[in-house]
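Visitor: Okay, sequence plus prediction incoming.
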Amino acid sequence: MSDVRPFFDATEIAGDADAARGRFDRDGYLFVRGLLPPPVVEDLRRQFLTVLRDAAWIAADSPAHDQIAELSAFTVEPEPAYQRVYNQLYSVPAFHAMQHRAELLDLIGAVLDAPVIPQPRVIARVMFPERTAHTTPAHQDFVPVQGAADTITAWIPLSDLSAEMGGLEIAAGTHRQGVFDFAPALGASGTEITDPLDGAWVGGTFEQGDVLFFHSMTVHRGAPATGARLRLSVDLRFQRLADPIAPGSLRPHDPDVTWEQIYAGWAPGQHQYFWRDWDLDLAEYDTQYNEKRDAMAFELAAKGGVEARAILQRIVARDPNPEKQRQAAEALAALEAETS
């Protein structure tokens, strides 16, 4: 990944709607330094660290605020050990409140030149260091998210990110090139764009309060997390109020939990069910990408390809078809027996 050029720093043009919109339309991303107040981000980080300390994901011999990972606790989505802790993070009210920040809504509204709404489904990321095989591979959010192509993600690291801790990298301009071919892969997306997109990649270090915005068709990937610290970040997604939204974007990230479970114990008036006030245009989910992905995973697993593991795990955990779940569980067991 040595061919990664620095982000274009859009901080100075963030307050100029025409300039910000033009740059976003050109590059498919905006990198804005210090957009969010660091104390707001720090408050969420510390609440997350309390959950992670209690879950023993942080080394017992170090202060929680240092984020030193307990590597023996390593787990990934959608493994049950990950989901148990993840759903505790998901229930933190401050996490969901962040998507209602005026700094985010105003800038995205300027870029999309229309009234905008946050999508209820927010996502938290906890990346263990030194498990680089599970680094998020290059992918496009539109494939799993769908709805409006002009959905914008705000990617927000919860702490400063050095080159050692990694971050998120963008293939600039790829939002104008349609859906790229992909193949099964380990990591959060479960798939990887097959085109290396040489010469397009940009990235850099982050400070607490920085925000990286990108289009749902923009190819992006994680940078490897090395060193000793957990990398914590959140994904918040936004779209025009008038644009279609996929039903999945109105549900929690983990399909096995409900909003009632997430909101249990919340005080009134913390944005619960805020989207019910809007007349939304629900878009039918196009299953073609999932069907292609899953077929490739079964074929790859039959050949002993470990890259199929993440997709097979998702089928077992989340596919509505019991027979497909059974087949994936058998393929996963055979794959793990072969590679153990």
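Guide: Everything's here; your move.
Visitor: only C-alpha atoms for contact and neighbour calcs from this point on.
Guide: Fine.
Visitor: So for stretch 34-48, mean pLDDT?
Guide: Average pLDDT, stretch 34-48: 98.
Visitor: Please enumerate residues in contact with that stretch?
Guide: 65, 89, 92, 94-95, 103, 158-159, 207-211, 232 (CA atoms under 8 Å, 6 or more residues apart in numbering).
Visitor: Spatially, which two of these are the most separated?
Guide: H65 and E103 (26.0 Å; CA to CA).
Visitor: could I get stretch 254-263 in PDB with only the CA atoms?
Guide: What follows is stretch 254-263, C-alpha atoms only, in PDB (Å, rounded to 0.1, in the frame of the first residue of the first chain):
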ATOM      1  CA  ASP A 254     -27.400  -6.800  14.200                       C
ATOM      2  CA  PRO A 255     -30.600  -8.300  12.700                       C
ATOM      3  CA  ASP A 256     -31.100 -10.500  15.800                       C
ATOM      4  CA  VAL A 257     -31.800  -7.500  18.000                       C
ATOM      5  CA  THR A 258     -34.700  -5.000  18.000                       C
ATOM      6  CA  TRP A 259     -34.800  -1.300  18.600                       C
ATOM      7  CA  GLU A 260     -36.800  -2.100  21.800                       C
ATOM      8  CA  GLN A 261     -33.800  -4.000  23.100                       C
ATOM      9  CA  ILE A 262     -31.400  -1.200  22.000                       C
ATOM     10  CA  TYR A 263     -33.500   1.500  23.700                       C
END
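Visitor: ok now do the residue most central in space within the chain, which residues does it touch?
Guide: By CA atoms, centre = their mean, the chain has its centre lying nearest to D235, at 4.9 Å. Applying CA under 8 Å, 6+ apart to D235 gives the contacts V122, I123, A124, R125, T153, A154, W155, I156.
Visitor: Quick check: neighbours of the helix or strand where it lies in the sheet, parallel or antiparallel?
Guide: For D235, the enclosing helix or strand under DSSP states H and E is strand 231-240. Counting by DSSP bridges, the strands paired with strand 231-240 are strand 116-118 (antiparallel), strand 123-127 (antiparallel), strand 152-157 (antiparallel).
Visitor: and that strand, what's its mean pLDDT?
Guide: 98.
Visitor: Begin at 21 from now on, thanks
Guide: Yes, from this point I'll number from 21; that puts the last item at strand 251-260.
Visitor: still on that earlier bit, which one of the strands paired with strand 251-260 has the most crowded surroundings?
Guide: strand 172-177 (a mean of 24; mean count of other CA atoms under 10 Å).
Visitor: Give the next helix or strand downstream of that one.
Guide: As assigned by DSSP H and E, the chain's next helix or strand after strand 172-177 is strand 188-191.
Visitor: could you dump the contacts of stretch 54-68 to JSON lines with distance to G187 and secondary structure?
Guide: Shown next, in JSON lines, are those (distance: CA to CA, whole Å; DSSP: H, G, I helix; E, B strand; the rest coil):
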{"residue": "H85", "distance to G187": "19", "secondary structure": "helix"}
{"residue": "L109", "distance to G187": "20", "secondary structure": "helix"}
{"residue": "V112", "distance to G187": "23", "secondary structure": "coil"}
{"residue": "A114", "distance to G187": "22", "secondary structure": "helix"}
{"residue": "F115", "distance to G187": "19", "secondary structure": "helix"}
{"residue": "E123", "distance to G187": "21", "secondary structure": "helix"}
{"residue": "L178", "distance to G187": "11", "secondary structure": "coil"}
{"residue": "S179", "distance to G187": "11", "secondary structure": "coil"}
{"residue": "E227", "distance to G187": "11", "secondary structure": "coil"}
{"residue": "Q228", "distance to G187": "12", "secondary structure": "coil"}
{"residue": "G229", "distance to G187": "14", "secondary structure": "coil"}
{"residue": "D230", "distance to G187": "12", "secondary structure": "coil"}
{"residue": "V231", "distance to G187": "11", "secondary structure": "strand"}
{"residue": "L252", "distance to G187": "10", "secondary structure": "strand"}
